[in-house]
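A.B. asks: what follows is a predicted structure for the sequence shown.
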Amino acid sequence: RRGHRGVPGKAQGGVQGCLNRKPVNRSGEAPSADALRLEARVRDRAPLVDADNGYIHALGLAAAPDADVVAVGRARASYIENYVAPMADGGAHAWPGRDVDYRAARGADVTALVDACTKAQACLDALQAHPDALAQWLDSERWLLERYRGMLATGAWHEAIPSDPAAPMAGLQHALDAQKLHLLDARRQALAGDAMAVRGLLEQDLAFWRQVLASSDLLLSKMVAAAAVTRNFEIGSVALRALPAAGVDAAVPPSWRRPLSVDERSLARALAGEWHYMRAGMRLALEHEVEAAAPWRRLDHPLQRPLY
């Protein structure tokens, strides 16, 4: 028997209240104009070739070093979009591919540096306390850094929206791990006096995450992008401090000076994706017979039907 298909708590309250403004909905009522607009936002998203889609690269970042990142990312995106729940016998469709547990291979000094580099001063203190840690980190995870830079080079983002509330969400923690290494490598360039290299690394990183901020179709992605943008400023400042004073202005990337766009600030696109995600959960819930032990579900069935 399939498990309960409830609506995700993060989406149920905020988005559902926006979709239907009438206090009571009749069973079978046509979708509201708001619902149709949200549906169109998801349906009319411009497609992207997998190799040019940063989301696909992000899904495959930590796959085995000899794996095809784009192929793994595509398989995982399809898994999320077309998720099928475990069957009654306990059988389940496996998450495509295996990730490398690179964190377990880190030494104590590298781990201390990674943990500290969320704030500029703590990161500087850790770099001084563990002077060889960055070189060790670069040696052991250069493959991850190279994949991260391949993701940055796409400059675009088109994510999978789950069709089942039980489907896994995309894990972006590997991208955030690699971002720290990318930004600290900019500091290494600064210590060598290469202001243009610092500018290029910081700009490539921030331009990508600002694009994700504008293109996110789920609130989780929007929050990750916002955190990555903040980190670019925070740890990017560590790189700038390592330059001679005369070179700092030239190293400041253009994206640091450009105000956020309407799309970067807006939640409209992410809320449309959350609505699509929530609607899928409602459809699955309504496919099953209402349980006699839960009378509240008999009440919310007619309230939910007009959402689609």
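C.D. replies: Good, I have the coordinates. All figures in this text were calculated on a predicted structure; none of them were measured in a lab.

A.B. asks: for the stretch 151-300 of the chain, which spans come out with low pLDDT?
C.D. replies: Across the stretch 151-300 of the chain, the stretches falling below the confidence threshold (pLDDT under 70) are 284-300.

A.B. asks: in it, which spans are strands?
C.D. replies: In the stretch 151-300 of the chain, no strands are defined using DSSP state E, counting those that start in this stretch.

A.B. asks: for the closest residue to Asp132 other than its chain neighbours, pull up the helix or strand it's in.
C.D. replies: Setting aside the residues directly before and after it, Asp132 is nearest to Asp109 in space (C-beta to C-beta, 6 or more residues apart in numbering), at 6.8 Å. Placement of C-beta: from N, CA and C, glycine included. In this assignment (DSSP states H and E), Asp109 forms part of helix 108-116.

A.B. asks: buried set for that helix?
C.D. replies: Within helix 108-116, the residues scored as buried using 16 or more other C-beta atoms under 10 Å are Asp109, Val110, Leu113, Val114, Ala116.

A.B. asks: distance between it and the chain's centre?
C.D. replies: Mean-position distance between helix 108-116 and its chain equals 23 Å (C-alpha atoms, centre = their mean, to the nearest Å).

A.B. asks: also stretch 145-162?
C.D. replies: Taking C-alpha atoms, centre = their mean, one finds the center of stretch 145-162 at 10 Å from the center of the full chain.

A.B. asks: send the alpha carbons of it over as PDB?
C.D. replies: In PDB, the C-alpha atoms belonging to stretch 145-162 read as follows (Å, rounded to 0.1, in the frame of the first residue of the first chain):
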ATOM      1  CA  LEU A 145      36.600  22.200  -8.200                       C
ATOM      2  CA  GLU A 146      37.000  21.600 -11.900                       C
ATOM      3  CA  ARG A 147      33.400  20.200 -12.100                       C
ATOM      4  CA  TYR A 148      32.200  23.200 -10.200                       C
ATOM      5  CA  ARG A 149      33.800  25.500 -12.600                       C
ATOM      6  CA  GLY A 150      32.200  23.600 -15.500                       C
ATOM      7  CA  MET A 151      28.900  24.300 -13.800                       C
ATOM      8  CA  LEU A 152      29.700  28.000 -13.500                       C
ATOM      9  CA  ALA A 153      30.500  28.100 -17.200                       C
ATOM     10  CA  THR A 154      27.000  27.200 -18.100                       C
ATOM     11  CA  GLY A 155      25.600  30.400 -16.800                       C
ATOM     12  CA  ALA A 156      22.100  29.000 -16.800                       C
ATOM     13  CA  TRP A 157      19.700  27.100 -14.600                       C
ATOM     14  CA  HIS A 158      16.600  25.100 -15.400                       C
ATOM     15  CA  GLU A 159      15.600  22.700 -12.600                       C
ATOM     16  CA  ALA A 160      13.300  19.700 -12.200                       C
ATOM     17  CA  ILE A 161      10.100  20.200 -10.300                       C
ATOM     18  CA  PRO A 162       9.100  17.000  -8.500                       C
END
